[in-house]
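1. Using only what follows, build the 3D model:
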Amino acid sequence: MAAETVPGSVDSARAAQRAWRIALVAYLLPVTVATHWPRLGFGGGGPIDKFIHFLAFGVLAWLWMHARPLGRAAVGWCLAAAWVFVDERTQAIEILGRTFSGYDMIAGWLGVAMAGALYAAMRAGTPAGSAARADAEFARDFAYASPFAWTTAAFVTTAVVVVLGSPFVLKAHFADGGITLGSVIYAIGYSGFVGVAMAAYGVRLFGEAFASRTLGRPLVKVPREAMPFWRVGFMFALALLLVAGYELFVRLLFGSAPAEDLAVDHGGFLQLRQGFLLASVIVSIAIGNAIGSRAAIQRNPALANPSGAGGR
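-> The predicted model follows:
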């Protein structure tokens with residue numbers, strides 16, 4: 001079934017897109033100000049700038065893809081990738097007292113790439129035009145059209161940042177000899193990464209529950225099946241492959257013995273490994289789930305048939 005035949009889907013989609021665009025602007029403005037703030041430093045917190053670029057622009061890509069400029073997520077992804085370049089190049093304006101860094105730009109592109117991979121993997125679980133995707137998109141739009149969902153997501157993310165981020169700050173205090181702005185930003189960024197993932201899952205459950213109630217019937221969903229051992233192994237191997245690829249990429253960038261003037265940049269990519277590892281695990285799980293969903297649809301073709309949507 002095409003999404004337009006689901007009652008209220010068009011209104012929900014428009015409202016959700018408007019909410020995503022508001023979130024995009026609300027995020028893009030302060031991030032742009034922060035990246036161009038004159039002579040901004042991190043108080044001796046170490047080379048965390050690569051992690052910040054990875055996370056900041058990954059989130060930007062995620063928002064831009066959901067905002068769907070010109071009605072296409074791919075356009076949003078391309079705009080985010082282009083913005084990484086524009087943002088970094090404009091930092092070289094002399095009056096700002098900052099410099100252009102190709103390595104910062106690469107870190108930002110890595111974040112955009114991982115966000116794009118996650119978005120594509122999550123959509124790949126249901127074929128375009130299928131009944132399962134129509135209901136999934138309606139439930140998602142229904143949720144993100146609601147201010148309650150955004151407020152709840154913000155609360156969950158904040159709670160996770162407090163609970164998970166506190167140990168990072170305490171470690172900096174006791175193990176590293178003091179708390180710096182850099183250590184606080186790293187704690188907020190890493191725990192916020194986890195918090196956003198948990199909040200997104202919660203919003204998904206909220207959307208499915210209330211969309212089903214609105215439609216007056218259960219949503220058409222791909223059946224959950226026991227995950228075979230080979231797929232678990234595939235997800236594990238894929239995550240390891242992504243991390244190994246990252247390590248090789250860093251080695252190609254800096255060589256086995258980085259020059260002294262590249263020590264900070266090299267250290268930044270080494271510190272980024274934890275964030276990249278977490279992103280790799282999430283992307284690998286999403287890809288594994290998509291493969292399972294596709295296999296289930298092959299066994300039950302009615303799920304991919306617009307006319308087989310459970311009586312719709």
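
2. Quick check: the residue positioned nearest the centre of the chain vs Leu252, distance?
-> Nearest to the mean C-alpha position of the chain, by Cα atoms, centre = their mean, lies Ala115 at 4.5 Å. Look at Ala115 and Leu252: by Cβ to Cβ, to the nearest Å, they are 23 Å apart. For glycine as for every other residue, the C-beta is placed from the backbone atoms N, C-alpha and C.

3. What ranges does the protein have for its helices?
-> 9-35, 49-67, 73-90, 102-124, 131-144, 147-174, 181-215, 229-254, 263-299 (DSSP state H).

4. tell me the pLDDT at Leu240?
-> Looking at Leu240, its pLDDT reads 96.

5. Ok, the one 4 residues further on next?
-> pLDDT, Ala244: 97.

6. and what of the one 5 residues further on?
-> Model confidence at Phe249, expressed as pLDDT, equals 95.

7. you'd agree Ser99 is up against Ala92?
-> No, residue 99 isn't Ser; it's Thr. Yes: counting by Cβ atoms under 8 Å, Thr99 touches Ala92, with 6.1 Å between them.

8. measure stretch 253-260 end to end?
-> Stretch 253-260 stretches 14 Å from its first residue to its last (Cα to Cα, to the nearest Å).

9. Show residues contacting that stretch.
-> Contact with stretch 253-260 is made by 103, 106, 262, 265-266, 269, as judged by Cβ atoms under 8 Å, 6 or more residues apart in numbering.

10. can you give me the mean pLDDT across that stretch?
-> 86.

11. same deal with stretch 294-309?
-> Averaged across stretch 294-309, pLDDT comes to 66.

12. ditto for stretch 135-146
-> Averaging pLDDT along stretch 135-146 yields 90.

13. Can I get it in CSV? Just the C-alpha atoms.
-> The C-alpha coordinates for stretch 135-146 follow below in CSV (Å, rounded to 0.1, in the frame of the first residue of the first chain):
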residue,chain,number,x,y,z
ASP,A,135,3.0,1.5,8.2
ALA,A,136,6.5,2.0,9.5
GLU,A,137,6.8,5.5,7.9
PHE,A,138,3.3,6.4,9.2
ALA,A,139,4.3,5.4,12.7
ARG,A,140,7.5,7.3,12.5
ASP,A,141,5.9,10.5,11.1
PHE,A,142,3.1,10.2,13.7
ALA,A,143,5.6,10.1,16.5
TYR,A,144,7.9,13.0,15.3
ALA,A,145,4.9,15.1,14.5
SER,A,146,4.2,15.1,18.2
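
14. just to revisit the earlier point, contact partners for the residue nearest to the centre of the chain?
-> Each residue near Ala115 by Cβ under 8 Å, 6+ apart is listed here: 58-59, 61-62, 65, 77, 80.

15. Scan the contacts of stretch 253-260 and report the most crowded one.
-> Among those, the one with the most neighbours (other Cβ atoms under 10 Å) is Phe269, at 26 neighbours.

16. check contacts around that one.
-> Phe269 touches 50, 103, 107, 250, 253-254, counting by Cβ under 8 Å, 6+ apart.

17. Likewise for Arg123?
-> Arg133.

18. Tell me the pLDDT of Asp87.
-> According to the prediction, Asp87 has pLDDT 91.

19. which residues does the nearest residue to it once chain neighbours are set aside contact?
-> Nearest residue to Asp87 in three dimensions, chain neighbours excluded: Thr35, at 5.5 Å (Cβ to Cβ, 6 or more residues apart in numbering). Thr35 makes contact with 56, 87-88, 91, according to Cβ under 8 Å, 6+ apart.

20. With Pro147 instead?
-> With contact taken as Cβ under 8 Å, 6+ apart, Pro147 is in contact with Ala19.

21. what about it, distance to Ala15?
-> To Ala15, Pro147 is 10 Å away according to Cβ to Cβ.

22. And for Ala237?
-> Distance, Ala237 to Ala15, by Cβ to Cβ: 41 Å.

23. Comparing the two, which residue is more hemmed in?
-> The neighbour count for Ala237 versus Ala15, taken as other Cβ under 10 Å, is higher for Ala15 (16 against 11).

24. how many neighbours does the closest residue to that one other than its chain neighbours have?
-> Using Cβ to Cβ, 6+ apart and skipping residues adjacent in sequence, the residue nearest Ala15 is Ala145, 3.5 Å away. Per other Cβ under 10 Å, the neighbour tally for Ala145 reads 21.
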